[in-house]
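Chemist: quick one: sequence plus predicted model below, questions after.
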Number of protein chains: 2
Amino acid sequence: MGRSPDRRTFAERMHLFYQPELPDALFLPEDESRHAVKTLRLNNGDPITVTDGQGNAYSAVITATDPRRCTFRVLSVQAAAARPFSVRVCVAPTKSPDRIEWFVEKAVEVGIERISFFFGQHSERRHLKTDRLEKIAVAAMKQSLQTYLPQLDEPVSFGELLKSVSEEQRFIAHLPDNEPPVGLAKVAMPGGHYAVLIGPEGDFSTNELQQALDAGFRMVTLGNTRLRTETAALTACQYLNFLNQ
Amino acid sequence: MGRSPDRRTFAERMHLFYQPELPDALFLPEDESRHAVKTLRLNNGDPITVTDGQGNAYSAVITATDPRRCTFRVLSVQAAAARPFSVRVCVAPTKSPDRIEWFVEKAVEVGIERISFFFGQHSERRHLKTDRLEKIAVAAMKQSLQTYLPQLDEPVSFGELLKSVSEEQRFIAHLPDNEPPVGLAKVAMPGGHYAVLIGPEGDFSTNELQQALDAGFRMVTLGNTRLRTETAALTACQYLNFLNQ
C-alpha cells in the first residue's frame, strides 16, 4: 500500500538491488546475485534497479547471470534528494535481540537517517551483532523501495555517544522528577536535525541523565503509556517524521 | 522509560493484573493467579492492582494464594478517563502471523481503541487466531500499564467491515491513481473518531476501493516510503495519536 509514483516505477522496473560499490562495481554482491539468478530467475537483458544506498537508483539490464556475480549494464541513474531533516535515534540494545532487530527493520521502513547504539549503566545486554542488523537494514531499505541506507553505528559507551552527537535538537526520553512532563510532539521543531536518546529496560542512571542534560538534551515523553525500549525508539522516529510532513 | 507519575505509582503498587469480571469476581483468572503466586511469589496481604480492562484500576490485597484462584480484597478503585478521541485500525491479516501479532502488541502499547480484521479479495491469509491476539493485547495493556483493553474484532469480509464502521473520519491507505496523493497527517482532524483501512500484501481490489470511496473513506498515504501491511497499520495509529497530543 501507500507507494508514491516514482517508487511505483521502481517496482514496475523489477526488484531493487543493493551494490554499495556503485558506480565502480557493475555486478551484484554474491547474495544479491543468487537472489536475482536463482530466486527471481532473471535473464540477460532483464531490467533491474540497483541502488548504492546513497540516494542513487541505477536503471540497468543484466549482462551475465552468474549466481555468484551477476553483472549488469547501467542505462541511466536517478538521484533522490535527501530529506530536508534528519532523524537519529540512539538506543540501548534490548535484552531480547529480536526486539532491537524489529526496531531497525521498522525504523528503516518509515524513514530514519542514523541509528546509534550504546550500553548504559543499567543495560543488561552487553553485546550486539551489528552485521546482522546491517542486513536487516538493507532488506528493509529495498522492501520499502528507498535508495538511502541509514547509518548504523557500532555500540559505544554512553559518554562516547554523547560526544558523537552534533544534531542541534536533542531529546532524551525520560520523565522529569521535579517538573511536569513535556511531550516530544510539543517541543521538537520542524526541519531540524534530531537526536533522541532511548534508555535500556533498566532506564538511564541518574548520572547518565545529568550528563545528557549537561550536553543540552531535553527530557521528553513519548505519549501517556509506558513504552518498551524498542517501541519508544520507533515512536520517537514516527513522531519526528510526522512533524516534518 | 517514559512513565507518567500515576503509572509509576501503579508500578510501585506491584504488577498490574487483569480480571474482566470485576467488580463481581474478586479473584485472578487461572493464568494470572499462577503468575502472581508461582512466578512473583506474592503472599497474603501483598498489595496488587487489578484492572477490568474498562478503565478501572482496583487497588487490592491478596487474601488467598491459590495458584489456580488467587483471591483479593479491594481497598479502592480509580477510574481513568477514556481518551477524547478514538483510533480504530481495520487491517487485513498478514501472510506471516507474527507480523500481525507484532502490530497488535505495538498498537496496544502506543494506544488504540479498536482493531478490526478483514479478509480482502487479494488476501492470501484466510484464517486468524484472535484468541492468541487477545492474549497479546492483554499482555501489552498490562506491560504499558493501561487500564483499557482495546476491542479486537473477529475477521469479517470487506463488505461487512464497511457496514460496521460508524467512525466519522474514514481513511483508506492507498495511493490514488488520478489525483496527487494526500498524507493522513494533512487531512485528519484532531479530536475525532477515526477508522483507517489497511490492505493486505496484495493490496485492495479496484472493487474494494470503490466500495470504500462510496462509503465515505478518503484515500491517504502514510509517508513517502512503501510500508509493509503491519508497519502501515501501526504508522496510522501513531500518526493519529500524535495528532491528538
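Modeler: That came through fine.
Chemist: would you agree A:Leu26 is in contact with A:Leu75?
Modeler: No - A:Leu26 is beyond contact range of A:Leu75, at 11.8 Å (criterion: Cβ atoms under 8 Å). All C-beta atoms are positioned from the backbone trio N, CA, C, and that covers glycine.
Chemist: who's more crowded, these two?
Modeler: For A:Leu26 versus A:Leu75, neighbours defined as other Cβ atoms under 10 Å in any protein chain shown are more numerous around A:Leu26 (16 against 10).
Chemist: got the phi and psi for the more buried one?
Modeler: Per-residue torsions, A:Leu26: phi -100, psi 50 (degrees, to the nearest 10).
Chemist: repeat that for A:Ala80.
Modeler: phi -90, psi 140.
Chemist: burial count for it?
Modeler: With other Cβ under 10 Å as criterion, A:Ala80 counts 16.
Chemist: what of A:Ile136?
Modeler: 17.
Chemist: wait, a strand at it?
Modeler: No - counting by DSSP: H, G, I helix; E, B strand; the rest coil, one finds A:Ile136 to be helix, located in no strand.
Chemist: touching, it and A:Val104? I think so.
Modeler: Yes - A:Ile136 is in contact with A:Val104 according to Cβ under 8 Å; the separation is 5.2 Å.
Chemist: which ones are touching the nearest residue to A:Ser123 once chain neighbours are set aside?
Modeler: Closest residue to A:Ser123 in three dimensions, ignoring its sequence neighbours and counting by Cβ to Cβ, 6 or more residues apart in numbering or on different chains: A:Pro200, at 4.3 Å. By Cβ atoms under 8 Å, 6 or more residues apart in numbering or on different chains, A:Pro200 lies in contact with A:92-94, A:120, A:122-125, A:229.
Chemist: need the three-state assignment for A:Pro200.
Modeler: Assignment for A:Pro200 (three-state DSSP): coil.
Chemist: report the separation between the closest residue to A:Leu161 other than its chain neighbours and chain B.
Modeler: Excluding the flanking residues, the one nearest A:Leu161 by Cβ to Cβ, 6+ apart is A:Phe118, at 4.2 Å. Per Cβ to the nearest Cβ, to the nearest Å, A:Phe118 is found 14 Å from chain B.
Chemist: ok, A:Phe118 - how many residues close by?
Modeler: Using other Cβ under 10 Å: A:Phe118 sits among 25 other residues.
Chemist: that one bridge partners, please.
Modeler: Judged by DSSP bridges, the bridge partners of A:Phe118 are A:Val156.
Chemist: wait, it touches A:Glu154, no?
Modeler: No - the pair A:Phe118 / A:Glu154 is not scored as a contact, 10.2 Å apart, by Cβ under 8 Å.
Chemist: now stretch A:127-140: buried residues?
Modeler: Residues A:128, A:130, A:133, A:136-138, A:140 are the ones in stretch A:127-140 that count as buried (16 or more other Cβ atoms under 10 Å in any protein chain shown).
Chemist: could you list the domains of chain A?
Modeler: A:5-79, A:86-243 (automatic domain parsing).
Chemist: name the SS class of the nearest residue to A:Trp102 once chain neighbours are set aside, please.
Modeler: In this structure, A:Trp102 finds its nearest non-sequential neighbour in A:Glu230, 6.0 Å apart by Cβ to Cβ, 6+ apart. What three-state DSSP gives for A:Glu230 is helix.
Chemist: could I get the full set of helices for chain A?
Modeler: With helices called from DSSP state H, chain A shows them at A:5-12, A:30-34, A:97-110, A:130-143, A:158-164, A:184-187, A:206-214, A:229-243.
Chemist: deepest in the core, which of the ones you listed is it.
Modeler: Of these, the one with the most neighbours on average (mean count of other Cβ atoms under 10 Å in any protein chain shown) is helix A:229-243, at a mean of 26.
Chemist: quick one, that helix and helix A:97-110 angle?
Modeler: 10 degrees (axes from the mean of the first three to the mean of the last three Cα atoms, to 10 degrees).
Chemist: so what secondary structure elements neighbour helix A:229-243?
Modeler: strand A:86-91, helix A:97-110, strand A:169-173, helix A:184-187, strand A:193-198, helix B:97-110, helix B:229-243 (3 or more Cβ pairs under 8 Å, 6 or more residues apart in numbering or on different chains; DSSP states H and E).
Chemist: so, low pLDDT: which residues of chain A?
Modeler: A:1-14 (pLDDT under 70).
Chemist: what do you get if the cut-off is 90, keeping everything else the same?
Modeler: A:1-15, A:95, A:120-129, A:175-181, A:185-186, A:201-202, A:223-226, A:245 (pLDDT under 90).
Chemist: give me the common contacts of A:Leu26 and A:Leu75.
Modeler: Counting by Cβ under 8 Å, 6+ apart, the residues touching both A:Leu26 and A:Leu75 are A:Ala60.
Chemist: burial count for A:Arg170?
Modeler: The local packing of A:Arg170 (other Cβ under 10 Å) involves 22 other residues.
Chemist: need the contact list for it.
Modeler: A:Arg170 touches A:194-197, A:212, A:215-218, counting by Cβ under 8 Å, 6+ apart.
Chemist: just the endpoints, please. Distance across stretch A:154-172?
Modeler: Taking Cα to Cα, to the nearest Å, stretch A:154-172 runs 20 Å from one end to the other.
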